[in-house]
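*Asks:* any chance you can model this:
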Amino acid sequence: MADDDQQWKIPPNVQELAAAGRDELPSRYVVCDHGRPTSAVASDDPIPVVDLSRLSSGAADEAAKLRSALQNWGLFLAVGHGIEPALLGEMMAVTTNFFNLPLEEKQKYTNLVGGKKEHQLQGYGGDMILSETQVLDWSDRFYLNVEPESRRLYDLWPTQPPSFRDILHRYAARCRELADGVLREVAKVVGLREEGCLVDMLDEKAVTYVRLNLYPRCPRPEKVLGFRPHSDASMLTVVLNNAAGLQVLRDGEWYDVPVVPDALVVNLGDTVEVVSNGLLKSPVHKVVANSESKRVSVAAFYTADPEREVEPAPELVSEERPRRYGKMKNSDYIRELHESLARRERAIDRVKI
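*Replies:* Numbering: from 1, shown residues only. As a prediction, this is how the structure comes out:
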């Protein structure tokens with residue numbers, strides 16, 4: 001057990017708080033007035049749904065849709081991605097079943113180490129907590145490294161449900177195929193001479209993280225956030241979810257990301273923003289809470305080699321478009337992102353010139 005004066009570093013389990021059925025929320029979750037969720041704005045320019053099978057066949061209209069999505073939203077809904085609906089259903093089922101396990105079983109995989117005094121990225125739990133006054137998100141999470149396999153900490157891979165490991169392995173491999181294809185298209189959109197240069201950044205040393213998310217039902221959803229506004233430290237993020245709640249920021253307004261059956265949400269990460277020298281933006285997004293039902297999602301983050309130094313591609317820097325971002329080692333950037341999340345700041349602001 002952590003020392004009494006360190007108890008604030010141990011986040012409560014949100015699923016247990018929700019199950020208690022109390023109407024009043026712990027103050028640690030209550031967002032200040034100006035940060036509270038508001039109704040999303042309806043858009044005349046909806047988030048595009050892109051058929052990746054048609055895109056790979058050279059359909060010009062799908063390429064135009066993808067270009068519009070990346071330039072205007074930084075994300076899109078992917079259909080025709082080739083991942084069988086049955087596998088999507090299995091991935092959602094084992095994620096839900098894991099969160100339905102008894103708390104004692106889930107805590108075998110805790111992300112708190114060193115006598116619960118230190119937070120590590122991988123494992124089950126909540127926020128990294130840097131201060132006693134930090135406002136927490138209304139969610140529980142489970143991070144795992146899935147690629148390369150040499151980085152997997154199998155002690156943290158659940159044995160219940162029994163099919164969890166196999167299904168996650170197969171799902172991550174199929175999402176990687178999707179990510180490679182999308183990154184080739186992204187390279188075309190920004191005008192990189194080598195369309196494989198972004199995919200090449202996902203080499204054998206690149207790391208894929210998967211984060212399983214549970215957003216329990218909340219009695220006062222107007223006072224909390226399921227996940228605070230942020231952008232991702234990845235090159236690309238692929239999200240499977242079962243309910244509404246994800247919102248994206250555009251031109252100062254929040255918009256709902258619709259849920260389309262068997263579609264995956266694909267969004268750009270900060271690495272692509274930096275490499276493109278700001279031609280494409282990593283979208284700021286958040287998750288709002290719900291008073292009626294829980295939300296479950298699976299996010300796969302495709303990140304470059306932790307030792308790689310990320311900077312704008314030289315061919316995208318010119319006199320007309322000078323360099324807009326500095327250079328930073330990817331592992332340092334990911335660490336900065338998680339600390340910035342705790343401070344409710346954006347890590348990318350620290351590398352802008």
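
*Asks:* so the residue nearest the centre of the chain: helix, strand or coil?
*Replies:* Taking CA atoms, centre = their mean, the centroid of the chain lies closest to A299, which sits 5.1 Å from it. Here A299 is strand, with the state taken from DSSP: H, G, I helix; E, B strand; the rest coil.

*Asks:* ok, it - contacts?
*Replies:* For A299, the residues meeting the contact criterion (CB atoms under 8 Å, 6 or more residues apart in numbering) are 210-211, 213, 237-240. C-beta here means a position set from N, CA and C on the backbone, and glycine is covered the same way.

*Asks:* what of V30?
*Replies:* With contact set as CB under 8 Å, 6+ apart, V30 has these partners: 135, 223-224.

*Asks:* now these as CSV including pLDDT and neighbour count?
*Replies:* Written out in CSV, the entries for the contacts of V30 read as follows (pLDDT from 0 to 100; neighbours: other CB atoms under 10 Å):
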residue, pLDDT, neighbour count
V135, 90, 17
K223, 94, 17
V224, 95, 25
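
*Asks:* nearest to A342, of the residues you listed?
*Replies:* In terms of CB to CB, no member of the contacts of V30 lies closer to A342 than V135, at 9.7 Å.

*Asks:* picking that back up, any chance of the contacts of V30 in TSV, plus secondary structure and distance to E185?
*Replies:* Converted to TSV, the contacts of V30 look like this (DSSP: H, G, I helix; E, B strand; the rest coil; distance: CB to CB, whole Å):
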residue	secondary structure	distance to E185
V135	coil	38
K223	helix	40
V224	coil	37
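
*Asks:* next step: the contacts of A299 restricted to strands.
*Replies:* Among the contacts of A299, the members falling in strands (DSSP state E) are 210-211, 213, 237-240.

*Asks:* nearest to D262, of the residues you listed?
*Replies:* D262 has its nearest neighbour among those in L240, at 9.4 Å by CB to CB.

*Asks:* doesn't V266 make contact with that closest one?
*Replies:* No: applying CB atoms under 8 Å, one finds L240 not in contact with V266, separated by 10.8 Å.

*Asks:* between those two, which is the more surrounded one?
*Replies:* Each of L240 and V266 has its neighbours counted (other CB atoms under 10 Å); V266 has more, 25 against 22.

*Asks:* and what about the more buried one, helix, strand or coil?
*Replies:* Classification of V266 by three-state DSSP places it in strand.

*Asks:* doesn't L178 make contact with it?
*Replies:* Yes: using CB under 8 Å, V266 is in contact with L178, at 7.5 Å.

*Asks:* low-confidence ranges, the chain, go.
*Replies:* Within the chain, the ranges that satisfy pLDDT under 70 run 1-6, 8, 34, 114-117.

*Asks:* can you give me the helices for it?
*Replies:* For the chain, the helices defined by DSSP state H cover 14-20, 52-56, 60-72, 85-99, 103-106, 164-190, 197-200, 270-275, 330-343.

*Asks:* please convert the ones you listed to a markdown table, extending it with distance to R250 and mean neighbour count.
*Replies:* Rendered in a markdown table, the data for those read as follows (distance: least, CB to CB, whole Å; neighbours: other CB atoms under 10 Å):
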| stretch | distance to R250 | mean neighbour count |
| --- | --- | --- |
| helix 14-20 | 28 | 16 |
| helix 52-56 | 23 | 17 |
| helix 60-72 | 7 | 17 |
| helix 85-99 | 27 | 17 |
| helix 103-106 | 36 | 14 |
| helix 164-190 | 18 | 19 |
| helix 197-200 | 23 | 18 |
| helix 270-275 | 15 | 25 |
| helix 330-343 | 21 | 18 |
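
*Asks:* next, format those helices as CSV and append distance to Q247.
*Replies:* What follows is the helices of the chain, written out as CSV (distance: least, CB to CB, whole Å):
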stretch, distance to Q247
helix 14-20, 19
helix 52-56, 24
helix 60-72, 16
helix 85-99, 21
helix 103-106, 28
helix 164-190, 22
helix 197-200, 27
helix 270-275, 19
helix 330-343, 17
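
*Asks:* I353 is nearest to which of those?
*Replies:* With CB to CB as the criterion, I353 lies closest to helix 270-275 of these, at 10.8 Å.

*Asks:* other residues contacting that closest one?
*Replies:* The set of residues that contact helix 270-275 without belonging to it, under CB under 8 Å, 6+ apart, is 186, 198, 201, 231-236, 280-282, 303-304, 310-313, 316, 325, 330, 333, 337, 347-348, 351.
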